[in-house]
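# Return atomic coordinates for the entry below.
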Amino acid sequence: MTQKKFYKDAFERIDDSRKNKLLEIAIDEFASKGYKNANINIIAKNAGISIGLMYKYFATKDDLFITCLKHGMDLLDKSLYEIMQSDDKLLVKTEKLIRTICAHSKSHSKYIRLYNEIGAEKGASERTRMMVEEIETKRSSIYITTIAQALANGDVRDDLDPRLFAYFLDNLLTMLQFAYTCDYYRERFMIFTGVDINEADDEKIISQLLSFIESAFTVSHEELKKL
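Coordinates of the predicted model:
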């Protein structure tokens, strides 16, 4: 048995309630303080376990961080994949995506902050960068495939590029996530709209973003010239 597998097996053997408690406490520490300033000793103390036991579960701080990142992103990605793999039309899927992201960003804000911290963290490890690349690759793949299928079915304008549209769509949704959870993006929302996003009308946000995306998917540049 390799050393890495030994640590993984030790953590996986504990019951789900203890496992989730430890991860939630660690995610809160990483999300609020950033990777560099997060303290594994504080995480162990708040979780009610010894530092020795903590290192039995995770060989390094990096191991713990990556486990937290995967835990947080898996919750959202599972919902996103289920939506995108459904038989719904693309715009119906898009509305469900927006609603899911709004709800998830409010109920699991620290997961989103954790993900945002990676972009701001210049000292992120190679393993962390690889994990992020894996997450982004999976997400981009399902978006590209879904848009390509919609194009083949004639559900969207025929001049779009699935890869570029997938990129633009993901950026819109990612910025919406961050607007609910991260100070910089929340401030940008305030500057543009004049209201705090946490006090804004979610239905208006959803309908306006959906209208914006709908026009991009269905109205061509030539059609716009005729309007």
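
# distance between the longest helix seen in the chain and the chain's centre?
Assignment by DSSP state H gives helix 126-152 as the longest helix of the chain. Offset of helix 126-152 from its chain centre (Cα atoms, centre = their mean, to the nearest Å): 12 Å.

# secondary structure element for Ser211?
Using DSSP states H and E, Ser211 sits within helix 202-218.

# Which strands or helices does that helix pack on?
Judged by 3 or more Cβ pairs under 8 Å, 6 or more residues apart in numbering; DSSP states H and E, helix 202-218 is in contact with helix 90-107, helix 162-181. Heads up, the C-betas are built off the backbone N, CA and C, glycines and all.

# Redo those helices as a markdown table? Include mean neighbour count and distance to Thr60.
As requested, the helices and strands packed on helix 202-218 are exported to a markdown table (neighbours: other Cβ atoms under 10 Å; distance: least, Cβ to Cβ, whole Å):
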| stretch | mean neighbour count | distance to Thr60 |
| --- | --- | --- |
| helix 90-107 | 18 | 29 |
| helix 162-181 | 18 | 27 |
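
# Make CSV from the ones you listed and add mean pLDDT and distance to Leu23 to it.
Compiled in CSV, the helices and strands packed on helix 202-218 are given as follows (pLDDT from 0 to 100; distance: least, Cβ to Cβ, whole Å):
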stretch, mean pLDDT, distance to Leu23
helix 90-107, 92, 16
helix 162-181, 94, 18
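
# count of neighbours near Asn153?
10 (other Cβ atoms under 10 Å).

# and the gap between it and Asn20?
40 Å (Cβ to Cβ, to the nearest Å).

# Same check on Leu80?
In terms of Cβ to Cβ, Leu80 sits 21 Å off from Asn20.

# Those two: which is more packed in?
Neighbour count, other Cβ under 10 Å: between Leu80 and Asn20, Leu80 has more, with 21 against 12.

# Which residues does whichever strand or helix holds that one contact?
Using DSSP H and E, Leu80 falls within helix 61-84. With contact meaning Cβ atoms under 8 Å, 6 or more residues apart in numbering, helix 61-84 is reached by 4, 7, 11, 23, 26-27, 30, 35, 38, 40, 43, 54, 57-58, 93, 96-97, 100-101, 104, 108, 110-111, 114-115, 118, 125, 127-128, 131-132, 135, 138-139, 142-143, 146.

# Likewise for stretch 205-224?
With Cβ under 8 Å, 6+ apart, stretch 205-224 has contacts from 90-91, 94-95, 98-99, 102, 150, 156-157, 159-160, 165, 168-169, 172, 176, 197.

# again, but for stretch 106-125
By Cβ under 8 Å, 6+ apart, stretch 106-125 touches 27-28, 30-32, 34-36, 62, 68-69, 72-73, 75-76, 104-105, 128, 132, 177-178, 180-182, 198.

# What of stretch 166-183?
Stretch 166-183 is contacted by residues 94, 97-98, 101-102, 104-106, 109-110, 112-113, 116, 139-140, 143-144, 147, 184-186, 188-189, 197-198, 205, 209, 212-213, 216 when judged by Cβ under 8 Å, 6+ apart.

# please redo it, this time with the cut-off set to 6 Å
101, 105, 109, 112-113, 116, 140, 143-144, 147, 185-186, 189, 197 (Cβ atoms under 6 Å, 6 or more residues apart in numbering).

# Distance to Asp16 for those - can I get that in a markdown table?
What follows is the contacts of stretch 166-183, written out as a markdown table (distance: Cβ to Cβ, whole Å):
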| residue | distance to Asp16 |
| --- | --- |
| Ile101 | 26 |
| Ser105 | 24 |
| Ser109 | 22 |
| Ile112 | 23 |
| Arg113 | 24 |
| Asn116 | 27 |
| Ser140 | 31 |
| Tyr143 | 31 |
| Ile144 | 34 |
| Ile147 | 36 |
| Tyr185 | 33 |
| Arg186 | 33 |
| Phe189 | 36 |
| Ile197 | 33 |
